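Novice: Structure of the sequence below:
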Amino acid sequence: MSNDVVHADMNYLDDYIEAFYYENIEAKVEASHKILLLSLDYNNLEFMLNHDSLMGTLSRTLQDEHKKSLEMSIAILSTFYYLSNYEEFHDLLMNNKTGDTTMKIIEYQIQRFDLRINEYHAKERAVQALQREPAKL
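Specialist: Take a look at the predicted model:
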């Protein structure tokens with residue numbers, strides 16, 4: 001995300017949700033940030049709670065596309081985190097399997113981290129082996 005200040009307007013929530021149906025990942029990232037901003041305002045929560053497709057769309061996007069953008073995943077997970085502080089959202093969060101999805105994403109990110117660490121150590125060993133060999137002409 002750029003350093004530009006992001007503004008979100010509750011009147012455009014349906015437009016933000018619609019962006020998740022585009023193929024453009026940048027549009028999804030931007031929409032996820034705007035929905036996160038909306039979730040931070042207590043005055044928006046009732047409308048968000050009663051919105052027909054908000055939670056389902058966020059959940060589906062997170063389940064299906066979390067590997068495409070870590071930034072989008074973090075924004076959606078943060079939205080779920082903020083909403084989970086309100087009991088009224090608990091059923092919606094459970095029905096959309098956000099806990100299960102969150103755990104799968106954490107497991108995936110741990111696997112990616114382990115893979116990168118192993119690749120790093122392999123390259124480090126290869127460099128050290130080259131440094132120990134006498135120069136060949």
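Novice: Could you pull up the contacting residues of His51?
Specialist: Going by Cβ atoms under 8 Å, 6 or more residues apart in numbering, His51 touches 13, 17. For every residue, glycine as well, the C-beta is placed using N, CA and C.
Novice: what about it, distance to Leu70?
Specialist: Distance of His51 to Leu70, computed by Cβ to Cβ, to the nearest Å: 26 Å.
Novice: hmm, who's touching the host helix or strand of Thr79?
Specialist: Counting by DSSP states H and E, the element that carries Thr79 is helix 70-84. Identification of contacts with helix 70-84 by Cβ under 8 Å, 6+ apart yields 1, 25, 28-29, 32-33, 35-36, 39-40, 45, 48, 58, 61-62, 65-66, 89-90, 92-93, 98, 102, 105, 109.
Novice: try 6 Å this time
Specialist: Residues outside helix 70-84 that contact it (Cβ atoms under 6 Å, 6 or more residues apart in numbering): 28-29, 32-33, 35-36, 39, 58, 62, 66, 89, 93, 98.
Novice: What are the buried residues along it?
Specialist: By 16 or more other Cβ atoms under 10 Å, the buried positions in helix 70-84 come out as 71-80, 83.
Novice: Among the residues you listed, which one sits closest to Val127?
Specialist: Glu71 (31.7 Å; Cβ to Cβ).
Novice: Report the angle between the longest helix along the chain and helix 70-84.
Specialist: If you go by DSSP state H, the chain has its longest helix at helix 98-132. Per axes from the mean of the first three to the mean of the last three Cα atoms, to 10 degrees, the angle that helix 98-132 makes with helix 70-84 is 140 degrees.
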